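**Student:** Take this sequence and fold it.
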Amino acid sequence: GNLDDNPVRRDIEEAGKMTGIDFIVNVVLNTRKQIIYCAAGDSIQAHRDACAYLNDIYRSPISAKADIVIVSQGGAPKDLNLYQTQKALDNAGHAVKDGGTVILVGSCFEGFGNQVFEEWMLKYTNPDDMIQALHAHFQLGAHKATAIAMLKKRADILFVSDMDSAIVEKTFLKPVHDLQSAVDACLRKYGNDADVIVMPYGGSTLPVCQ
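**Tutor:** This is a model prediction of the structure:
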């Protein structure tokens, strides 16, 4: 959600000025990938205009972070693999308390979905080791594994999927057979009065704590 002080966005806009971009067309999509808004013109202003519209739809204010966050990427084909489903997990991290639990739900029947991502997910058993390794040698694919490691440092992650549990056990995710079992385990841990947030379209929802 940070645009003005975002190093990646600054690099993109600097590259645009260097290459002489003078006109862009940006669109906002709904969950069915249909165009619902269009902004065209100056490469920076049109982008900001589209982002403002997008924020009104997908930015979700919350009064406080929750003990338990249940999140899905939004179903097929968005959850075909863990590489894509991680997007939902990343957004759920904005809604969960430190010491809380995220229940990630997604089929992921294709597995990890990216070779570098898979190698990093299976290589490290300590989140800090993975984070340090990425700082030392950045790799695309590894950045998503490291994002999971960063969340794991402050919250548990239960994973309900079609992936082989024995493989998932080797990662920072804890496999759970079904969603109800995951919810029951969390309620035993935090109590029946635990705060719960449900994000059915986690890949396109940004929780913002007021």
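
**Student:** quick one: the strands in this structure?
**Tutor:** In the chain, the strands defined using DSSP state E lie at 24-29, 35-41, 59-62, 66-72, 96-105, 156-160, 174-175, 196-199, 206-209.

**Student:** okay if I get these as CSV plus mean pLDDT?
**Tutor:** Listed next are the strands of the chain as CSV, based on pLDDT from 0 to 100:
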stretch, mean pLDDT
strand 24-29, 95
strand 35-41, 97
strand 59-62, 94
strand 66-72, 98
strand 96-105, 98
strand 156-160, 98
strand 174-175, 98
strand 196-199, 98
strand 206-209, 94
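
**Student:** Dump the ones you listed to CSV, plus distance to D128 and mean neighbour count.
**Tutor:** C-beta here means a position set from N, CA and C on the backbone, and glycine is covered the same way. Shown next, in CSV, are the strands of the chain (distance: least, CB to CB, whole Å; neighbours: other CB atoms under 10 Å):
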stretch, distance to D128, mean neighbour count
strand 24-29, 37, 15
strand 35-41, 41, 14
strand 59-62, 28, 14
strand 66-72, 23, 25
strand 96-105, 16, 21
strand 156-160, 16, 21
strand 174-175, 19, 18
strand 196-199, 27, 18
strand 206-209, 25, 15
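
**Student:** Turn these into JSON lines, columns for distance to E13.
**Tutor:** Output for the strands of the chain, formatted as JSON lines (distance: least, CB to CB, whole Å):
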{"stretch": "strand 24-29", "distance to E13": "11"}
{"stretch": "strand 35-41", "distance to E13": "15"}
{"stretch": "strand 59-62", "distance to E13": "21"}
{"stretch": "strand 66-72", "distance to E13": "31"}
{"stretch": "strand 96-105", "distance to E13": "32"}
{"stretch": "strand 156-160", "distance to E13": "34"}
{"stretch": "strand 174-175", "distance to E13": "40"}
{"stretch": "strand 196-199", "distance to E13": "30"}
{"stretch": "strand 206-209", "distance to E13": "21"}
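
**Student:** For G1, which of those is the nearest?
**Tutor:** Smallest distance to G1 across the strands of the chain (CB to CB): 5.5 Å, for strand 206-209.

**Student:** contact partners of the closest one?
**Tutor:** 1, 58-65, 91-92, 94-95, 197, 199 (CB atoms under 8 Å, 6 or more residues apart in numbering).

**Student:** before we move on, what about stretch 178-195?
**Tutor:** Stretch 178-195 has contacts (CB under 8 Å, 6+ apart) with 64-68, 70, 97, 100-101, 103, 105, 158, 160, 176.

**Student:** Helices of the protein, start to end?
**Tutor:** 7-19, 45-58, 82-92, 115-123, 127-136, 142-152, 165-168, 179-190 (DSSP state H).

**Student:** Now the longest one: buried residues?
**Tutor:** Buried positions in helix 45-58, judged by neighbour count with 16 or more other CB atoms under 10 Å: 46-47, 49-51, 53-54, 58.

**Student:** so what does it touch, helix or strand wise?
**Tutor:** Secondary-structure packing of helix 45-58 (3 or more CB pairs under 8 Å, 6 or more residues apart in numbering; DSSP states H and E): strand 24-29, strand 35-41.

**Student:** Give me the angle between that helix and helix 82-92.
**Tutor:** 80 degrees (axes from the mean of the first three to the mean of the last three CA atoms, to 10 degrees).
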